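*Asks:* using only what follows, build the 3D model:
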Amino acid sequence: MTPPTKINLLVSLMMSFVMSLFFSGFFTFIAFGWTAQWASSWAHGFAIGWPLGFLLALVIGAPIRKIAVRLFGLPK
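*Replies:* Model prediction:
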């Protein structure tokens, strides 16, 4: 595996972790408030959201990067 591929995988893993952690916690807090149910629901939402977020980041990361490069008029 090449270093750029490793970096892309690591970035996708880390970005999906942070975003899933934040958004599952935030929206669970909106739904339940600061309760005991919030913590268990957050953990459940995160356990489902992180793998899905990671797969989504892997699938759409390269096409989104290409679109961004085109928007800025940079060479491929």
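
*Asks:* ok, now how distant is residue 35 from residue 48?
*Replies:* Going from residue 35 to residue 48 by C-beta to C-beta, to the nearest Å gives 20 Å. C-beta here means a position set from N, CA and C on the backbone, and glycine is covered the same way.

*Asks:* now swap in residue 4 and tell me
*Replies:* Counting by C-beta to C-beta - residue 4 and residue 48 are separated by 30 Å.

*Asks:* between these two, which one's more packed in?
*Replies:* residue 48 (12 against 8; other C-beta atoms under 10 Å).

*Asks:* ok, now how distant is that one from residue 8?
*Replies:* From residue 48 across to residue 8, the span is 23 Å (C-beta to C-beta).

*Asks:* try residue 30
*Replies:* 32 Å.

*Asks:* the two: who's more crowded?
*Replies:* Taking other C-beta under 10 Å, residue 30 and residue 8 do not tie; residue 8 has more neighbours (16 against 9).

*Asks:* helix or strand for residue 5, which one?
*Replies:* helix 3-32 (DSSP states H and E).

*Asks:* residues of that helix that come out buried?
*Replies:* Along helix 3-32, these residues count as buried under the neighbour rule (16 or more other C-beta atoms under 10 Å): 8, 12, 16, 20-21, 24-25, 28.

*Asks:* from residue 57, how far out is the spatially most central residue of the chain?
*Replies:* Closest to where the C-alpha atoms of the chain average out (C-alpha atoms, centre = their mean) is residue 16, at 2.3 Å. Distance, residue 16 to residue 57, using C-beta to C-beta: 5 Å.

*Asks:* so where's this structure shaky on pLDDT?
*Replies:* Low-confidence segments of the chain (pLDDT under 70): 76.

*Asks:* angle of the longest helix belonging to it against helix 3-32?
*Replies:* If you go by DSSP state H, the chain has its longest helix at helix 36-71. Here helix 36-71 runs at 140 degrees with respect to helix 3-32, directions being taken by axes from the mean of the first three to the mean of the last three C-alpha atoms, to 10 degrees.
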